[in-house]
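Undergrad: Okay, here's the prediction I keep looking at, along with the sequence it came from:
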Amino acid sequence: MSLRLLDGSGDPVWVDVARRELHVRERKGKASNPRISEYHAATRGGEAPDDVPWCSSFVCWCFEQVGIRSTRSKAASSWLTWGQECGLEPGAVVVFGKHDPDAKGTGHVAFLMGVDGDKVLVLGGNQGDRVCMAWRPRASIVALRAPDTR
């Protein structure tokens, strides 16, 4: 399969929101980045410092910004049953298992941006302590989800 990359012109609205957050990063030291605390505020658990895992909080925040109810959970695994199953679609919520490099043993969640053979490109929060795009092994995907439009 050749590389399929979303060019930004036809992104789902939540991906447009996520793109605008590229390069938000954790702060070193005691002071947390207030923007990451804002991502956490989109969850039932409320605001939290940037050293609390925030990949799911970021995905929640992006959906809530466009009026789509998220899981409102800080847990990546909360996305396993959210919405409806989908394929490798632009903007799909990709849930990775606990062995993902950014999972810290608990799983990871991000938005699908592209596919290249056995790899997927995702846009997510708390990837290397920042919002960025990163390649992940396609085999580590445990779920692909989309908002329920039924």
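TA: The structure has been received and is ready for your questions. What you are looking at is a predicted structure, and each value in this text was computed from that prediction instead of being measured.
Undergrad: Spell out, range by range, the helices that occur in this structure.
TA: 13-20, 34-41, 55-65 (DSSP state H).
Undergrad: Need the ones you listed in a markdown table (columns: distance to Thr149).
TA: Heads up, the C-betas are built off the backbone N, CA and C, glycines and all. Shown next, in a markdown table, are those (distance: least, Cβ to Cβ, whole Å):
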| stretch | distance to Thr149 |
| --- | --- |
| helix 13-20 | 13 |
| helix 34-41 | 25 |
| helix 55-65 | 13 |
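Undergrad: okay, those in CSV with mean neighbour count, distance to Arg138 and mean pLDDT next?
TA: CSV is the format used below for the helices of the chain (neighbours: other Cβ atoms under 10 Å; distance: least, Cβ to Cβ, whole Å; pLDDT from 0 to 100):
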stretch, mean neighbour count, distance to Arg138, mean pLDDT
helix 13-20, 18, 19, 97
helix 34-41, 19, 26, 97
helix 55-65, 26, 18, 98
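Undergrad: of all these, which lies closest to Cys86?
TA: Proximity to Cys86 (Cβ to Cβ) singles out helix 13-20 among the helices of the chain, at 13.6 Å.
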